[in-house]
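Student: predicted model and sequence below, questions to follow.
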Amino acid sequence: MKLPVIKTKMLLLYFFLQYVEFLLVFGSKFICGDGHFRCLGNEATCISKQELNYIPELPDHIQKVDILLGDVERIDSPDFFQNVTHISSLSMIRSGLTYIAPGAFDILQNLTSLDIGANQLDALPENTFSPETRSRLLHFDATENNFHCRCDLIWFSEWLISNSSVFHPPGIKKYFCVNKYFLGKPLLINIVELRGLDKQACLMSGDYLAFIIFILSVLLGSFVFYLFLKIYCSPKLTTVKQRVLLPFRLLRTKLHTFVCTTNVAFKYDVFVAYAEEDNDFVSDHLRPRLEDELGLKLCLHQRDFHPGRNILENIEDSVTSSKKVLMVFTTHFAHSPWCQFELALCQRHAMDHGDLLLVVHVNNTPVSDLTPTMTAIVRTCTYIAWSQAGEGRVIFWNSLLLALGDVLTTHAPRSLQRRQQQRQQQGEMNQDEEQAGETVIV
């Protein structure tokens, strides 16, 4: 009775030893790259949880390398790929990548497919890829990264447009960058829209803005510290309530005085933001009525921008030097990158000063032709629609003059004086014509 049991146990032991031998002989063939990769067919997949400082040597028949969910924080030099120069496909999705050295992929002479999506990249300079490397790529994916809207992405927007087939899937509309300057909070912008920006925009760098913000913060902090020292060292303030409330009252008085004084120093009454193609509307309708008849001083970029100065500086100085901001919404305005920049800057200015944007909607431009920011303004704010009809035009001017009430009040005397001067000049011209007529009769 015991013999069959012994035979069964011996048989099981035999099969177990055969299985162990199979793993030792064949299983080890699937592990490659110093134990960091699993090789199957012509593909090598990273299985290591350790941080990779370089890709180890892989068999020559490997064509595709996948570092999905790996740990590669930085690619500091092309030496990272020196052991796999023969591969044609590289995938580094969600590998924790934050930096790529210039020309890091140029060593991969056979590379035709590259995927670096879903990482932590905030920049992609042009020297990341040589022109030869870009020309070899048949598929490229860098979506779901934390790109910042800077000038070093302008080249990338041009590449997206000129070689859109390389980026399908997912397509060029899936590429966004984050801009934290316009509205003080993350604002997603399609990278394709950066293509129209002038290279002069690069002169306004993030480091310069950070320096200005730092200086202003130091000055404000020093002023507040001085206020508290002066108040708390004063023997006249005997109660806690006085010590707590007085700083805020003084600060409110200072701010009120600052606003009042800056109002007097404004250079323009109204800053008009419009596209170049809409100059006829501004010169034929807005300027004659607001300047010639009502005596307001408009800021028009074709006439009042300083020649030779940076365009961004001209826009910023003109907006901050104007009491009101008037936007002329048209299809041309939606398609102009500079107009979109003016819109974002004017929004920021209006929020900082507690003012409202005045929007004139011309030609009833369809919502589908507007940008998301323009659509949000049209749907949430009351705008003034231009009309060619007689009654509609009367309503338009009444609404616009009502919106400009504060500015018109301060310029009412000057407007009346200008009208009197015009009437006086017209009367003198009539007298000269009558005298000329009498002379001819004699």
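Tutor: Looks like it came in fine.
Student: ok, His142 - contacts?
Tutor: Not His; residue 142 is Ala. Going by Cβ atoms under 8 Å, 6 or more residues apart in numbering, Ala142 touches 116-117, 121, 124, 175. To be clear about C-beta, it is placed using only N, CA and C from the backbone, and glycine gets the same treatment.
Student: over to it: give its phi and psi.
Tutor: When read as degrees, to the nearest 10, the backbone of Ala142 gives phi -130, psi 30.
Student: what do you get for Glu291?
Tutor: phi -90, psi -60.
Student: do you know the pLDDT at it?
Tutor: Per-residue confidence at Glu291 stands at 88 (pLDDT).
Student: ok, and the closest non-adjacent residue to it?
Tutor: Once flanking residues are discounted, Glu291 sits nearest to Leu298: 5.6 Å by Cβ to Cβ, 6 or more residues apart in numbering.
Student: flag every buried residue along stretch 117-135.
Tutor: 117-119, 121, 123-124, 126, 128-129, 133 (16 or more other Cβ atoms under 10 Å).
Student: hmm, who's touching it?
Tutor: 92-100, 102-106, 108, 111, 137, 141-148, 150, 152-153, 155-156, 159, 163.
Student: where does Ala123 sit: helix, strand or coil?
Tutor: coil (DSSP: H, G, I helix; E, B strand; the rest coil).
Student: now it: how far from Gly96?
Tutor: 16 Å (Cβ to Cβ, to the nearest Å).
Student: what residue ranges in the stretch 1-150 of the chain score low on pLDDT?
Tutor: For the stretch 1-150 of the chain, residues meeting the criterion pLDDT under 70 lie at 1-7, 18-29, 69-70.
Student: host element of Ile154?
Tutor: Assigned by DSSP states H and E, Ile154 belongs to helix 154-162.
Student: now do the helices in the stretch 1-150 of the chain.
Tutor: Secondary structure of the stretch 1-150 of the chain by DSSP state H, counting those that start in this stretch: the helices cover 2-25, 131-136.
Student: my bad, the stretch 301-442 of the chain
Tutor: With DSSP H, counting those that start in this stretch as the criterion, the stretch 301-442 of the chain has helices spanning 301-304, 311-320, 331-335, 337-353, 372-380, 390-403, 405-410, 412-441.
Student: OK, contacts around Ile315?
Tutor: 301, 338, 341-342, 345.
Student: hmm, try it at 7 Å
Tutor: Going by Cβ atoms under 7 Å, 6 or more residues apart in numbering, Ile315 touches 341-342, 345.
Student: cool, and Ser336?
Tutor: If you count contacts by Cβ under 7 Å, 6+ apart, then Ser336 has Ala275 around it.
Student: now it: phi and psi?
Tutor: phi -100, psi 120.
Student: where's it relative to Val328, distance?
Tutor: 11 Å.
Student: now the helix holding Ile154: buried residues?
Tutor: 154-157, 159-160.
Student: can you list contacts of that helix?
Tutor: Helix 154-162 is contacted from outside by 124, 126, 134, 167, 172, 175, 191-192, 194-195, 197, using Cβ under 7 Å, 6+ apart.
Student: next one: Lys297 from Leu345, what distance?
Tutor: As judged by Cβ to Cβ, Lys297 and Leu345 stand 20 Å apart.
Student: the two: who's more crowded?
Tutor: Leu345 (21 against 17; other Cβ atoms under 10 Å).
Student: and the closest residue to that one other than its chain neighbours, how many neighbours does it have?
Tutor: Excluding its sequence neighbours, the residue lying closest to Leu345 (Cβ to Cβ, 6+ apart) is Val319, at 5.9 Å. Neighbours of Val319 under the rule other Cβ under 10 Å: 19.
Student: how about the one 3 residues further on?
Tutor: Using other Cβ under 10 Å, Ser322 is surrounded by 22 other residues.
Student: find the residue closest to it in space, skipping its chain neighbours.
Tutor: Phe271 (3.7 Å).
Student: check the secondary structure at that neighbour for me.
Tutor: strand.
Student: confidence score at it?
Tutor: 91.
Student: surely it meets Glu316?
Tutor: No. Phe271 lies out of contact with Glu316 (Cβ atoms under 7 Å); the separation is 10.8 Å.
Student: the more surrounded of those two?
Tutor: More crowded of Phe271 and Glu316, by other Cβ under 10 Å: Phe271, with 26 against 16.
Student: ok, the more buried one to Thr320 distance?
Tutor: 9 Å.
Student: need the residues touching each of those two.
Tutor: Shared contacts of Phe271 and Thr320 (Cβ under 7 Å, 6+ apart): none.
Student: let me see the contact set for Phe271.
Tutor: Per Cβ under 7 Å, 6+ apart, neighbours of Phe271: 299, 318-319, 322, 325-326.
Student: one step back: restricted to buried residues, select the contacts of stretch 117-135 in ChimeraX.
Tutor: The ChimeraX command for the buried members of these (criterion: 16+ other Cβ under 10 Å) is given here:
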select :92,93,95,96,97,100,104,105,106,108,111,137,141,142,143,144,145,147,148,150,153,155,156,159
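Student: doesn't Ser283 belong to a strand?
Tutor: No. Counting by three-state DSSP, Ser283 falls outside a strand, being helix.
Student: need the pLDDT of it.
Tutor: For Ser283, pLDDT reads 90.
Student: and what of Glu434?
Tutor: 54.
Student: swap in Val378?
Tutor: 79.
Student: need the contacts of Ile315 in JSON lines with distance to Gly390 and pLDDT, can you?
Tutor: Formatted as JSON lines, the contacts of Ile315 follow (distance: Cβ to Cβ, whole Å; pLDDT from 0 to 100):
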{"residue": "Phe341", "distance to Gly390": "36", "pLDDT": "83"}
{"residue": "Glu342", "distance to Gly390": "32", "pLDDT": "84"}
{"residue": "Leu345", "distance to Gly390": "36", "pLDDT": "82"}
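Student: including distance to Phe30, could the buried residues of stretch 117-135 go into JSON lines?
Tutor: Shown next, in JSON lines, are these (distance: Cβ to Cβ, whole Å):
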{"residue": "Gly117", "distance to Phe30": "27"}
{"residue": "Ala118", "distance to Phe30": "27"}
{"residue": "Asn119", "distance to Phe30": "27"}
{"residue": "Leu121", "distance to Phe30": "32"}
{"residue": "Ala123", "distance to Phe30": "38"}
{"residue": "Leu124", "distance to Phe30": "35"}
{"residue": "Glu126", "distance to Phe30": "40"}
{"residue": "Thr128", "distance to Phe30": "33"}
{"residue": "Phe129", "distance to Phe30": "33"}
{"residue": "Thr133", "distance to Phe30": "31"}
